[in-house]
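A.B. asks: from the sequence below, what's the structure:
(3 chains)
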Amino acid sequence: MSGNSAVGEAAVLAGCTAYFGYPITPQNELTEHMAKRIVEVPGGVFIQSESEIAAINMVLGASAAGARAMTSSSGPGISLKQEGISYLAADELPAVIVNMMRGGPGMGNISPAQSDYLQATRGGGHGDYRTIVLAPASVQEAADLVYVAFDLADTYRNPVVILGDGMLGQMMEPVTFTTAAPRKEYPKEYVLSGASGRPSRMIRSLLFDTKEEEEHNWKLFRKYQLMEHNEVRYETFLLDDADMAVLAYGIAARIAKGAIKRLRQEGLKVGLIRPITLWPFPMKIIQETAKQLGDFFVFEMSTGQMIEDVKLALEGKGHIHFYGRPGGVIPTPVELSRIIARHCYQSQRSKKR
Amino acid sequence: MKGFIRIDPERCKGCSLCMEYCPGHAISLTNRLNLKGYFVADFEDKKECTGCAVCAVMCPEVAIEVYQIEKTDER
Amino acid sequence: MKTVYCRPKCMKEAHFHYCPGCGHGVITRLIAEVVDEMELRDKTICVAPAGCGMLLYNYFDIDTIESAHGRGAAVATGIKRVRPENLVFSYQGDGDLAAIGTAEGFHAANRGELISVIFVNNGVYGMTGGQMAPTTMLEQVTTTSPAGRDSVLQGHPVKICEVYATLDGTSYLERVAVNKPAAIIKTKKAIAKAFRHQQQKTGFSLVEILSPCPTNWKMSPLDSCRWVDDVMTKVFPLGLIKETKKC
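C.D. replies: Take a look at the predicted model:
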C-alpha cells in the first residue's frame, strides 16, 4: 500500500468522518483513497474543495460540528492552509493536517523534500501558536501515527500536522492496521450542535479586549508547555557506544539508518537520533547525548532547517556537522555514508591533534 | 386603538429613523444623553399612537417595545 | 394590554456595536425574529463573518462560530455536511462574499450546499473604515476611491445574485433592502423563505440585503435610507432573482 493510501485508511479506522482536499502532487492518492473510502463510513463526508483555503475552512467547520476532520496537501497548498490552521489553533479545535512535502520554494517540483520543517514547527500561520508535528519514516509508522495524531488533536484540542514527504507518500510497503485500542471518549462540550436544552455556545478567536487576548495567548502557551512536557517522541539507533550522533527525521532518517549500518561495518561508531515529534522537539535526549559525545551530524533534505533546533538544544556545546540536499534530491545511503565517514575521520584527526 | 411604546434609552443611538417613519409623529429626539453619549429619542405621550410598530420595525437597535391598550384595560 | 412588539427571545441582552442607523442592526434582529417564529433556536448554527457582522455571537443566543474573512460558506459547508439535521446559515458582507470569499461562496452555491447565506450589501468595507468594495457604485467616493469609483480602473459593481443565478446548485436568490418599513417586512419574509428552502433541501439559498451604512457613506441615517432607493436599487434591482421551487 502506498504511504498516501495508508494514511487515508488509518484515518478512517481512527474515526475520521470528514475529509476535505484539493489535488496536489505528491499527495493525490490520499485524496483519492478518501473519495472512495470515507463515504463507506456512516456519516462520512468527502468534498473535493475549490481550493486549499476552502478545504481547511471546511475542516474547521466540521471540527466545530464535532467530527474528526482531516485535510492533506503538499508545500504550496499547505502555505494556503496556514490561515485556517491559525484559526484552528486559536479556536482550540482539533484537526489533522497531512503535508507530503515536495521541493520548494515557490512552485518548486514534485520530488520529495524536507523544506517545510520551519513552517510546520513554528506554527506556520500568523499569531503565537504551535502545532504538534509528527514525522513518520515508514508507511507502517505513517499509519500508526495517524491514530496518535487524532488522539493528540482531541486531547489538546489543537491542530496536529503529519509531516511526510513525496517519497513516503508514494512508496509502497506492507502495512497492518491495528484498529488501535478502543477509542477514548473526549469531552465535546465545545461542539456546535444547535443549542437544544443547553445555553448557546460560541467559537471565536476575536478578542478585542487586549487583556482577554493576552490571557488567551497565555492559556494556549500553557497548553503548549504541557505538550512539550508530555508528547516528545523520538527513536534512537545504536546510540549507546556512538562517537557521533546523526540527527535526521522522516525518510532522511531511514536513509541515515542505512548509512549507519554501513559505517558500523567499517568500524565507525555512529548512532542515530530520530525525532518523531518535530515539535515538541526532543531537546533532552540531544542534551543527554552531548554529555557522552561531541559530534552531531545533521542530515536533512533541505539547506538546513532542523539544524536550528539542534543548535538550540545544544546551546553551543558539541560540534555540529551538516549535510543537506534540497530541491527534491534523495541521496543514497552509500552517498550519505561516505559523507558521514569523511566527517568522522576529520573529527578523529582533529581530536588527535 | 390606542398604543404606546417604550424606548430603552441606553440602547437608543438617536438615529431618528423611528421619528421619521412614525405615522403619528409621536416620537421626538430629546436633549437627554445616554451613557454612550447619544441624544435619545422618546415617545410623546400626548401624541396619537396606534401601536402600529413601524418604529420598532425601523429601529436598528431593537430598543423599542410596542404595546396596545385593549378595551378591557381602559375600563 | 397587549404586547405588539418586544425583543426576540433568541437575542442576548448585549447592546449592538453598530453605528447609529446601520442596517446590520435591523438584519440581525430580523434573523432572530425568524429563528423565533420558525422555532429554530435549538437547531440553528450561525457562521459569523469578519467585518461589521463579526460580533453576532454576542447578540444571538444560538450556537455561533466565527469564520475567517471570506470563508463563511466553506465553514458553513463543513458544519452542514457533518450535521445535516441542523439549520446552518452564514452572515457575510460584500467584501467578505464578493471579494475575498468569491471562490468559497461561488462553489458552495455551485455544489448546492444546503446552507443559507445572508449577504449584506452596503457597498463599502464598513469595519475597516469605508474602503471601496466590489459592490461600490460607479462614481461613489470611498476612502480608497477618493475620486469616485472609475470602471476603467476599478471595475464594476458585482451583482452576486445575478451571478449565482447561473449556477444550477442555487434554489433561492432574492434581493431585498432594509431602508423602509415595507422593505424590512419583505426582507424578513425572504430570510424565512431562505431557511425553508434549506429545510426542504432544495439547494443553496441566498438573500442579498441592501443595507444603509450612514457612517461610511457620510450621510444621515435618513438620507442613507433614501440613497438605497435612489441610487443602489438602480444598480441592484430588488426582487426575486431565482426560485426553483415554491417554499
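A.B. asks: where do the helices sit along the stretch 51-200 of chain A?
C.D. replies: Using DSSP state H, counting those that start in this stretch, the helices assigned to the stretch 51-200 of chain A run over residues A:52-64, A:75-91, A:117-121, A:139-156, A:166-170.
A.B. asks: out of the ones you listed, which is the most enclosed?
C.D. replies: The highest mean neighbour count among the helices of the stretch 51-200 of chain A, using mean count of other Cβ atoms under 10 Å in any protein chain shown, belongs to helix A:52-64: a mean of 31. C-beta coordinates here come from the backbone N, C-alpha and C atoms, glycine included.
A.B. asks: could the helices of the stretch 51-200 of chain A go into a markdown table alongside distance to chain B?
C.D. replies: Formatted as a markdown table, the helices of the stretch 51-200 of chain A follow (distance: least, Cβ to the nearest Cβ, whole Å):
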| stretch | distance to chain B |
| --- | --- |
| helix A:52-64 | 27 |
| helix A:75-91 | 28 |
| helix A:117-121 | 44 |
| helix A:139-156 | 39 |
| helix A:166-170 | 54 |
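A.B. asks: reformat those as JSON lines; add distance to A:L336 and mean pLDDT.
C.D. replies: Below are the helices of the stretch 51-200 of chain A laid out as JSON lines (distance: least, Cβ to Cβ, whole Å; pLDDT from 0 to 100):
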{"stretch": "helix A:52-64", "distance to A:L336": "33", "mean pLDDT": "98"}
{"stretch": "helix A:75-91", "distance to A:L336": "23", "mean pLDDT": "98"}
{"stretch": "helix A:117-121", "distance to A:L336": "18", "mean pLDDT": "98"}
{"stretch": "helix A:139-156", "distance to A:L336": "20", "mean pLDDT": "97"}
{"stretch": "helix A:166-170", "distance to A:L336": "14", "mean pLDDT": "97"}
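A.B. asks: distance of A:A11 relative to chain C?
C.D. replies: Taking Cβ to the nearest Cβ, to the nearest Å as the measure, A:A11 falls 15 Å from chain C.
A.B. asks: scratch that, A:F299
C.D. replies: Applying Cβ to the nearest Cβ to A:F299 and chain C gives a distance of 38 Å.
A.B. asks: looks to me like that residue is in a strand.
C.D. replies: Yes: the assignment for A:F299 (DSSP: H, G, I helix; E, B strand; the rest coil) places it in a strand.
A.B. asks: before we move on, back to that, out of the helices of the stretch 51-200 of chain A, which is closest to C:M11?
C.D. replies: helix A:52-64 (21.9 Å; Cβ to Cβ).
A.B. asks: report the distance from that closest one to the chain centre.
C.D. replies: On the basis of Cα atoms, centre = their mean, to the nearest Å, helix A:52-64 sits 19 Å off its chain's mean C-alpha point.
A.B. asks: how about stretch C:76-94?
C.D. replies: Per Cα atoms, centre = their mean, the centroid offset for stretch C:76-94 relative to its chain is 14 Å.
A.B. asks: buried set for it?
C.D. replies: Residues of stretch C:76-94 classed as buried: C:76-83, C:86-94 (neighbour count, 16 or more other Cβ atoms under 10 Å in any protein chain shown).
A.B. asks: around chain C, which positions in the stretch 101-250 of chain A sit nearby?
C.D. replies: Applying Cβ under 8 Å from any Cβ of the partner chain, we find that the stretch 101-250 of chain A lies next to chain C at A:192-197, A:199-206.
A.B. asks: helix/strand/coil for the residue of the stretch 201-350 of chain A at minimum distance from chain B?
C.D. replies: Closest contact between the stretch 201-350 of chain A and chain B, by Cβ to the nearest Cβ, is at A:F208 (16.4 Å). Secondary structure state of A:F208, per three-state DSSP, is coil.
A.B. asks: how close does it get to C:T143?
C.D. replies: Using Cβ to Cβ, to the nearest Å, we find A:F208 at a distance of 22 Å from C:T143.
A.B. asks: and these two? Which one has more around it.
C.D. replies: Between A:F208 and C:T143, counting by other Cβ atoms under 10 Å in any protein chain shown, C:T143 is the more crowded of the two (13 against 9).
A.B. asks: and the pLDDT at the more buried one?
C.D. replies: pLDDT for C:T143: 97.
A.B. asks: quick one: the helices in chain C?
C.D. replies: C:23-37, C:56-59, C:72-82, C:94-95, C:102-110, C:151-154, C:160-165, C:181-199, C:214-217, C:221-227, C:233-235 (DSSP state H).
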